[in-house]
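S.K.: Got a sequence here, can you model it:
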Amino acid sequence: MLEQWRTIADLDAARQRFEAAIPGWQPPAAFGIARLVSGRAVFARVAVGDGFLPAVALATVCGHRGGSASYPLSPADLDRVIALLTPAVACTELPHPNLHAWRALRLQLGLGEHALAAFAHDLSAQPGDRHVAAMLEQVEPVR
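M.R.: This next block holds a predicted model:
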């Protein structure tokens, strides 16, 4: 039987397990997965200030611990992230927008195409990574 996280408490427990497995883990201020289109990152969804379970699951696959950075994601990597999060759909109290967006992006990847993951530590800092900068351009300014 496959694992299922049916409650918000189950989701929190799963997040805590993932976090404990990454020494020095620092949750990002924003994160997302993009498809590269003509060398430009087109993000399926950018999460800001939420989605801490998807963020740490994504970081688990990428090897991200903290700070601002981007990482290439092979289709197999993206499949692994999706598989890590799939038990969350059993919790119907939340909509799971990251998982749904990532599944849709996975279906869009053509033969030989890759995705990328981006993490931003600070929404107001100027990142040195062009893909993180592209992600932050999609973030609505706080008013």
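S.K.: so where's this structure shaky on pLDDT?
M.R.: 1, 140-143 (pLDDT under 70).
S.K.: where along it do the strands fall?
M.R.: Taking DSSP state E as the test, the strands found in the chain are 30-37, 40-48, 69-73, 115-120.
S.K.: most tightly surrounded among those strands?
M.R.: Of all the strands of the chain, strand 115-120 carries the top mean neighbour count, a mean of 26, counting by mean count of other C-beta atoms under 10 Å. The C-beta positions use only the backbone N, C-alpha and C, and glycine is treated the same way.
S.K.: wait, which of the strands of the chain is closest to His100?
M.R.: strand 40-48 (8.4 Å; C-beta to C-beta).
S.K.: out of the strands of the chain, nearest to Thr7?
M.R.: strand 40-48 (21.0 Å).
S.K.: The closest one pairs with which strands, and in what direction?
M.R.: strand 30-37 (antiparallel) (DSSP bridges).
S.K.: ok, residues contacting the partner strand?
M.R.: 41-49, 51, 54-55, 58, 73, 78, 81, 101-102, 105, 108-109, 113-120, 123, 131, 134-136, 138-139 (C-beta atoms under 8 Å, 6 or more residues apart in numbering).
S.K.: Near Pro54, how many other residues are there?
M.R.: Using other C-beta atoms under 10 Å, Pro54 has 26 other residues around it.
S.K.: and what of Ala88?
M.R.: With other C-beta under 10 Å as criterion, Ala88 counts 21.
S.K.: Just to check, it is in contact with Trp5?
M.R.: Yes. In this structure Ala88 lies within contact range of Trp5 using C-beta atoms under 8 Å: 5.3 Å.
S.K.: Are there residues contacting both of those two? Which ones?
M.R.: Here Ala88 and Trp5 have Leu11, Ala14 as joint contacts, going by C-beta under 8 Å, 6+ apart.
S.K.: From Gly24, how far off is the residue nearest to Ala104 when sequence neighbours are not counted?
M.R.: Spatial nearest neighbour of Ala104, excluding adjacent residues (C-beta to C-beta, 6 or more residues apart in numbering): Ala44 at 6.4 Å. Counting by C-beta to C-beta, to the nearest Å, the separation of Ala44 from Gly24 is 27 Å.
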